[in-house]
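Participant: I would like to see how this sequence folds:
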Amino acid sequence: MLLSLLQRYGFRATFFWLGEKVLAHREQLDVALLLREGHQVALHGYRHISPWQLSRRAWIEDVERGISVLVEWLGVRPQYYRPPYGHYRFMPRRWSLRGVLWDLMPPDYRLPAGWAEPAAQALKPGDIVVLHERPHPNWSEWETFLSQAAQKGLQATPLP
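Facilitator: Numbers count the residues shown, from 1 in each chain. Here you go, the predicted model:
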């Protein structure tokens, strides 16, 4: 459903995936389709744990495990990393990852309804927006958000 909504508006996205979610749902994820439609896959870590709650060593192990899963799944190394909760740490250079945060994070992860319209009104050209895929999303909210973004003349693209 999400891919068809993005396609309807000609939007492309960067999907930040957790390694553990890729492993758990690998057979349901069509990475070839994502890439063919112009989307990008990036790293969100292996588990969704704040880097600030882990020792540096445990955090490095978590991210490296996530990198390994994505490399195996994608066939290439991810280019971007968005830390859980935006809790950033200095990354080892050997990772060659570019850290990404966001400009707008609607409360779609905690509100089933009512988040889309205010979020779309706050949306500005060039904003990096974080939306969360959930097991049972309210697709009408996603539709409202994407529709209003398109009406503003905005275009969603993957990170460069």
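Participant: where in this structure is the helix or strand with the lowest mean pLDDT?
Facilitator: helix 31-36 (a mean of 91; mean pLDDT, DSSP states H and E).
Participant: so what secondary structure elements neighbour it?
Facilitator: Contacts defined by 3 or more Cβ pairs under 8 Å, 6 or more residues apart in numbering; DSSP states H and E place helix 31-36 against strand 40-43. In this view, the C-beta of every residue, glycine as well, is placed from N, C-alpha and C.
Participant: in the helix or strand following the strand it packs on, which residues are buried?
Facilitator: Of the helices and strands lying after strand 40-43 in sequence (DSSP states H and E), the nearest is helix 56-74. Across helix 56-74, burial judged by 16 or more other Cβ atoms under 10 Å covers Trp59, Ile60, Asp62, Val63, Glu64, Arg65, Gly66, Ile67, Val69, Leu70, Trp73, Leu74.
Participant: same check on stretch 2-20?
Facilitator: Across stretch 2-20, burial judged by 16+ other Cβ under 10 Å covers Leu6, Tyr9, Phe11, Arg12, Ala13, Thr14, Phe16, Trp17, Leu18, Gly19, Glu20.
Participant: now tabulate these in a markdown table and tack on pLDDT and secondary structure.
Facilitator: What follows is these, written out as a markdown table (pLDDT from 0 to 100; DSSP: H, G, I helix; E, B strand; the rest coil):
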| residue | pLDDT | secondary structure |
| --- | --- | --- |
| Leu6 | 96 | helix |
| Tyr9 | 96 | helix |
| Phe11 | 97 | coil |
| Arg12 | 97 | coil |
| Ala13 | 97 | coil |
| Thr14 | 98 | strand |
| Phe16 | 97 | strand |
| Trp17 | 96 | strand |
| Leu18 | 97 | coil |
| Gly19 | 97 | helix |
| Glu20 | 97 | helix |
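Participant: between these, which sits nearest Gly99?
Facilitator: Phe16 (11.4 Å; Cβ to Cβ).
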